[in-house]
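Enquirer: I'll drop the sequence and a predicted model, then ask my questions.
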Amino acid sequence: MKRRTFLITGAAATLAFPVVADTTPLLKVLKTPTCGCCSAWVDHVRQAGFAVEAQDVDQDALYAFKDRLQIAPELAGCHTAIIGDYFIEGHVPAADITRLLAEQPVARGLTVPGMPMSSPGMGGPGAGDTFDALLVGSDGATSVFASHS
C-alpha cells in the first residue's frame, strides 16, 4: 500500500469512528480524612466509572457545606458530594447516581440517610440493612428513588 493511500484510508477510518469524549460530570466529594467508609464509597463510585475529586475537610467545614446545600440533619450521611446540579448525600449507590443523571428529575439531589450496613462503602449487599435512596425535591420533600435490600 502506498503511503498516500494508507494516510487517506487512516483519516477516513478516524472520521468514520470519532472518539467520543466522556460527558459524565465530575463527582466532587467532601469527606473527613479519618472516615474509612467514605473512602470505600469513593472507591465504589470510581469503580463504576465516575471521575471523582475527593477533598478531605474537617467536620466543621463538612457541616457548613451540608448547611449551604440545605441538607436537613435527618437526611444527612457521613459525606457529601455534588455532581452537575445535584447533591449526593451519604452512601448512595453508583447505579442510582447514573439513573439520576439519565432521568434528570427536577430535584436537589439524592440521599441515603445515616449509614446503612448494606450500602456501598459500608459492607455491601447482604451486610444486614435494607435501605432507600431518597430523591430530595426542590421544596425539600423526599420520595423513594430506589429501594435496596
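Expert: Good, I have the coordinates.
Enquirer: which residues does Leu30 form a beta bridge with?
Expert: Gln55, Thr80 (DSSP bridges).
Enquirer: ranges for the strands of this structure?
Expert: Using DSSP state E, the strands of the chain run over residues 27-31, 52-56, 80-83, 86-90, 109-112, 131-136, 142-148.
Enquirer: Quick one: low-confidence residue ranges for this protein.
Expert: 1-23, 124-127 (pLDDT under 70).
Enquirer: Just give me the residue right at the centre of this protein.
Expert: With distances taken as Cα atoms, centre = their mean, Ile97 lies nearest the centre of the chain, 5.1 Å away.
Enquirer: before we move on, back to that, next, format the strands of the chain as CSV and append mean neighbour count and distance to Leu101.
Expert: Placement of C-beta: from N, CA and C, glycine included. Output for those, formatted as CSV (neighbours: other Cβ atoms under 10 Å; distance: least, Cβ to Cβ, whole Å):
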stretch, mean neighbour count, distance to Leu101
strand 27-31, 20, 10
strand 52-56, 15, 14
strand 80-83, 24, 7
strand 86-90, 26, 8
strand 109-112, 26, 10
strand 131-136, 22, 13
strand 142-148, 15, 12
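Enquirer: Adding distance to Glu103, write those out as a markdown table.
Expert: Formatted as a markdown table, the strands of the chain follow (distance: least, Cβ to Cβ, whole Å):
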| stretch | distance to Glu103 |
| --- | --- |
| strand 27-31 | 17 |
| strand 52-56 | 21 |
| strand 80-83 | 14 |
| strand 86-90 | 11 |
| strand 109-112 | 11 |
| strand 131-136 | 10 |
| strand 142-148 | 9 |
